[in-house]
Every structure is written in C-alpha cells, then in structure tokens.
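Chemist: Provided below for reference: sequence and predicted model.
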Amino acid sequence: MHSARWVIDSIVASRDELGPWSLDFFRRNHGSSSWQIDELDNSVQSNVTAEDAIQAVAGAQLKTSHGTSEHDASFHVSSSKDKGVKDESAENQLPDSPAKLARRQLREKRREKRVKELIQLDNEALVKLENAAIERSKSVDNAILGKYSIWRRDNENENSDSTVRLMRDQMIMAKVYSLIAKSKNSHKLYLELLNRLKESQRALGEANADGDLPHNAPEKIKFMGQALSKSREELYDCRAITDRLRLMLQSAEEQVRGLKKQSTFLSQLAAKTIPNGIHCLSMHLTVAYHLLPPEKRIFPNSENLENPNLFHYALFSDNVLAASVVVNSTVMNAKEAEKHVFHLVTDKLNFGAMKMWFLLNPPGKATIHVENVDDFKWLTSSYCPVLRQLESSAMREYYFRADQHTSLSASSSNLKYRNPKYLSMLNHLRFYLPQIYPKLDKILFLDDDIVVQKDLTRLWSIDLKGNVNGAVETCGQSFHRFDKYLNFSNPHIARNFDPNACGWAYGMNIFDLKEWKKRDITGIYHKWQNMNEDRVLWKLGTLPPGLLTFYKLTFPLDKSWHVLGLGYNPSIDRAEIDNAAVIHYNGNMKPWLELAMTKYRSFWSKYIKHDHPHIRSCSFSQ
C-alpha cells in the first residue's frame, strides 16, 4: 500500500512540463530498483502513460483474484524491503481475501480518478494560459510586427519556417535566463548565455524563412539548447521567468507603438514631398516653355472644347508626370480617341511645365486644353468659402505656422489633418464644374493618381436616374460609411444624415451638369463649407463635404469601373485589378514616390515615356 501511494504521488509530482507524463520518463528519473516492467518491448514502454500504468496494475490484481498467477500479468510489483528476498515463483504466494481485493480495487479507482482530475486541471490551465497569450498578442499591431508570433494559430502548421521560429524562441528564453543568471550571480552561466545569444543572432541575421539560414544554424541551435537546458536545471523559477517575460512583452509593445508613430510621421511627410525627378522635370519644361514663341504655345482643335457631343474629362493637378499618365492611359485605351477632350487645370507654378509637356507630347487625336486656376476671375474669397478661410489668421496658424511640430513627440497621428493640400483650390475645384465648363452637359472627373485601363465612353450613356453624381460605393466595410467621415455628435449632421449611409469614392465620377445647376449643388457645398470653418463637422479633405453635398444624389456605379486602394492596400486581388476600368492609387503610397508598393507600380509606370529626353535627364527609374 505504501509502495502504491508512492507511485501515484510520484506520478502527480513528476509530470514533465514539456509534454504528458510517461512511465518511461518516470522509470528513468524516479523509479526504484523494485519497479519492473515485464514482457513489453522498448517501443511500447516508451508510450505507456500514467493512466495506462494504473489500468495495468488494476488489471493484474483483478486477474489474481480469479486464480490467475501473477507471472501472467504484464506488471508486478515486489518489495525486497518488505519480503527480504524476491520470491522464486508467484505460485508460492497466498491469494488475498475478497474483501482486501475489493478495498484495493476501490483505492486504485480513487487514485485513478484523482490522477485524471489533476491531468484535466493541468490541461485546462495550459489552455487558459495559451488563450490569454493569444488575446494579449492581438493588442499588438501585427502589420508592424510581421507574420511571426509563436501564439498565432495560423503559424501552427508543418509547412511554417519552424527553424527560424525555434531560433527566435531560443533567443527569447536565453535573454530571460541571462537576466536571472545575472541577478543570482551565476557569472559563468550568464557569460555562456550571452555568447550563445550572439552566435544565434549572427546566424539568424535578417532571415525570415528557413531557406535564408546559414548551414551552421542547426549547430547553433544545438549549442543554445544545451545552454538553455543547463540554465533550466540551475535557475528555473516559474515566477521569475513569468515576470521577465511580462517585462519583455511590455517593452516590445512600447517599441511597437514608437515605431508605429514614426512610420505614420514619415509616411505623411513623404506623401507631402515632391520627388526630385518630378521637380527636375517641371523645371526643365518650364524653361523650355518660356523659350517657346507665343504663336507655338497654342493647342489644336480648340473648337472641340465646348462641343457637348464629345467625351469631356476634368483633371486638376500640379503633377506633370501624374497628369501625363492619366491622359496617356485614357487615350491608349479609347476606341475613338478623336472624340475625347481633356480639360486640365493647374496652378501658376506648374502652368508652363504642364502646357509644354502636352505641346511636346500631344495625346494622339484627342483634344487637350491647359488652364491656370489663377485666371478664373470669378473665383474670389467673397464667393468661395475655402479662399475666405485661407485669409483668416486662425486657418493660416493651423496649417502653415512656422513653429508647427515636425517631431514624433507632437502627435504624428494628427499630422495628416494639417496638410495644406486639403485647402488647395485644385482640390476644391471639383465643386465648381458648371462654373468652369458652362457649355457642357456631362463631364467625367478624374484624379491624377489613377490609371485608365479600358475604354470609358459607356459612362456618358449611363442613366443616372435624376442623380447628379455617378460613383462607385465603398461601404463594403463599416469604416466607409458616413459616421466614419462626419461628426455625428454635431446636431447639424445628426439631424440631416444617416450615419449608416454608404460612402462613395472620388477619383472617377461622372457628373450631370444640367442636374447640377438645377439643384444648385455648388450652393449646397458653400453652405456646409461655411459651417465647417472651425472643423467641427469633419476634419479634412473634399470627400466629407462631397458626401454631404451629393447626399441622396449619387447613383452607384458597378464596382468594376473603379478599384481603389493601390496606395495603401497590399492585398487587392489581381483579377479585380485586371478587370477594373480605372485603378486608383488613393492613400500615401503614390506610384511616383519611393514608398510606393512595387507590386502595383508597373500598372502606372508602363504609361510613362521613359525614352523622352526630359524623362531621361531627370533620372526616372522604370
């Protein structure tokens, strides 16, 4: 009885924390010379669990109660301490009384039940720990950390880069044990762990896949495993390890937050800058334009500019290269290029460059016209709220103040709201289309960060059913509904709009200018823009006032007309891009910037004339 209790106690106390308790593990580490296993080969013995052992002992005793010799049982236990010598044969033993056997069986059942309960409790505890760690890891931005996380279940597949993951896990534990070793003055072990850590770091390098590892990686893993095994034997302390891991997790989260702020700041800064190549191109073209005689600065086919039977486009941009891609891609995919008319408006700084580019590179048989926004004499501060707001000292202070923070410590998440481009008249001209083109009935508005991939002429024949704006809706996900753009805590917004109304995209919009004038769309825009002088209705941009202005006046186009996200979403389906009439690089990662996504850049760059002398001289990469 004492021997059986000692066995069960050993089972409970000796469960290997790296896996389930096994009889083989027990025999190697805790078993006495009296614990014997007969008639089992090694392969079977190594897989015997605690539950199997208990069942086998109970079965052997049950057979004995029916007159079967203990020699036929798979397991028997003898005690040299109690009997003095080992019996020569099981036949010399007297059978136990039925009452004693019943009590023994009852005790074994209770012990078996207790072991099962302990195992179940332990399994539940492990599951709880794992689930807690998974929930904890969800609070860390995986977009920054990358795909690796030992707690993520999508990495628990046999095809994952297990060697890289193992090395990273070893390095984490080496850092933990090195700190514990240092705190306990285990100087020799501390130095050994540091050396192994440096070796593993050099071997791992920047590798993200097993194929990137050097040939000596398995050797480093082996040595690190030996050092960790030694550390565990000498230093293992569950509470100390838990505390160290918690501190490491908190530190990692702080680093992630810092990197995220830095990434936001730098991406916003990069999105506002003009690449050297585009600046160089604009300067070369401007010089060439001013050297050109006045009689050669005139575009042909000016009679097409007010012909309502042709296909008219509006494009407002200060980026020569981007505008050229929009025009080139549209013309190259048009079936009847001679029926297409492009109306470009730019600012005074880029007017000469824009005009010179299209004089040197006329868009085939299509008609083109370039205008300077400063030549629109009707566009005054008394008429236009944005111009009036620009004259206010508070607005200049907000957008243009000289001491504006440019460091990471200054809430970089709000940096995008202070971008002066959102008050640029080139952005807000889209609300004045009938004033700019009074003789036209319909016009297709295009942003300068789009690429046209198909003929667009069918858009002019779409029945907008009395609406003013034809656009692709973007409310497939909740963050593209009205409440994500507008301040519904403001009573003016809450009273007049549905927070769940579907948003839509600027970038490719067909406008019915007759309906526009009839419904006084520009007047509606002025009303809301005046009310938002203190930025209490929306934060930035032209989309929020567009949502208000064209509320219940927007006709939803088929989504294949306009695919968005190439400036921020790395996982757009390739088939969706190929089927799109227009693809849009909305977001910070514009195709002309260094931070553009390489996988999408070719859709844009193939419409650039890389053999053009000005393009070559300004060193544009393909």
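Modeler: Structure received.
Chemist: what's the burial count for residue 580?
Modeler: Burial of residue 580 is recorded as 24 neighbouring residues (other C-beta atoms under 10 Å). Bear in mind the C-beta positions are built from the backbone N, C-alpha and C, glycine included.
Chemist: thought it was touching residue 451?
Modeler: No - here residue 580 does not reach residue 451: they are 9.1 Å apart, not a contact under C-beta atoms under 8 Å.
Chemist: where exactly do the helices run in the stretch 101-250 of the chain?
Modeler: 142-145, 162-183, 187-204, 217-235, 238-272 (DSSP state H, counting those that start in this stretch).
Chemist: distance to residue 515 for the ones you listed - can I get that in TSV?
Modeler: Below are the helices of the stretch 101-250 of the chain laid out as TSV (distance: least, C-beta to C-beta, whole Å):
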stretch	distance to residue 515
helix 142-145	42
helix 162-183	60
helix 187-204	63
helix 217-235	68
helix 238-272	35
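Chemist: would you list those helices in TSV and tack on mean neighbour count, distance to residue 505 and mean pLDDT?
Modeler: Shown next, in TSV, are the helices of the stretch 101-250 of the chain (neighbours: other C-beta atoms under 10 Å; distance: least, C-beta to C-beta, whole Å; pLDDT from 0 to 100):
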stretch	mean neighbour count	distance to residue 505	mean pLDDT
helix 142-145	12	23	42
helix 162-183	18	40	88
helix 187-204	17	44	89
helix 217-235	16	48	89
helix 238-272	14	18	79
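Chemist: those: which one's closest to residue 377?
Modeler: Smallest distance to residue 377 across the helices of the stretch 101-250 of the chain (C-beta to C-beta): 29.9 Å, for helix 238-272.
Chemist: what angle do the closest one and helix 217-235 make?
Modeler: Here the directions of helix 238-272 and helix 217-235 differ by 140 degrees (axes from the mean of the first three to the mean of the last three C-alpha atoms, to 10 degrees).
Chemist: show me what helix 238-272 is packed up against.
Modeler: If you count contacts as 3 or more C-beta pairs under 8 Å, 6 or more residues apart in numbering; DSSP states H and E, helix 238-272 packs onto helix 142-145, helix 162-183.
Chemist: for residue 469, find the nearest of those.
Modeler: Nearest to residue 469 among the helices and strands packed on helix 238-272 is helix 142-145; the distance by C-beta to C-beta comes to 33.3 Å.
Chemist: for residue 218, list the residues it contacts.
Modeler: Residue 218 is in contact with residue 163, counting by C-beta atoms under 8 Å, 6 or more residues apart in numbering.
Chemist: before we move on, the earlier item: go through the helices and strands packed on helix 238-272 and name the closest to residue 604.
Modeler: helix 142-145 (23.7 Å).
Chemist: about what we covered before: now the helices and strands packed on helix 238-272 as CSV including distance to residue 276?
Modeler: Shown next, in CSV, are the helices and strands packed on helix 238-272 (distance: least, C-beta to C-beta, whole Å):
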stretch, distance to residue 276
helix 142-145, 29
helix 162-183, 38
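Chemist: can you say which of those is nearest to residue 518?
Modeler: Of the helices and strands packed on helix 238-272, nearest to residue 518 by C-beta to C-beta is helix 142-145, at 46.5 Å.
Chemist: ranges for the strands of this protein?
Modeler: Here the chain has its strands, by DSSP state E, at 35-37, 75-77, 311-316, 340-346, 367-372, 442-446, 450-452, 469-472, 508-512, 554-557, 562-563, 582-584.
Chemist: now do the second one, average pLDDT.
Modeler: This points to strand 75-77. Regarding strand 75-77, the rounded mean pLDDT is 40.
Chemist: again, but for stretch 325-333
Modeler: Averaging pLDDT along stretch 325-333 yields 97.
Chemist: that one: how far from the chain's middle?
Modeler: With C-alpha atoms, centre = their mean, to the nearest Å as the basis, stretch 325-333 stands 32 Å off its chain's centre.
Chemist: may I have that stretch as PDB, with CA atoms only?
Modeler: Listed next in PDB are the C-alpha coordinates belonging to stretch 325-333 (Å, rounded to 0.1, in the frame of the first residue of the first chain):
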ATOM      1  CA  VAL A 325      -0.200  59.100 -67.200                       C
ATOM      2  CA  VAL A 326      -3.900  59.800 -66.800                       C
ATOM      3  CA  VAL A 327      -4.100  61.300 -70.300                       C
ATOM      4  CA  ASN A 328      -1.900  58.600 -71.900                       C
ATOM      5  CA  SER A 329      -3.700  55.700 -70.300                       C
ATOM      6  CA  THR A 330      -7.100  57.100 -71.300                       C
ATOM      7  CA  VAL A 331      -6.200  57.700 -74.900                       C
ATOM      8  CA  MET A 332      -4.400  54.500 -75.400                       C
ATOM      9  CA  ASN A 333      -7.500  52.500 -74.200                       C
END
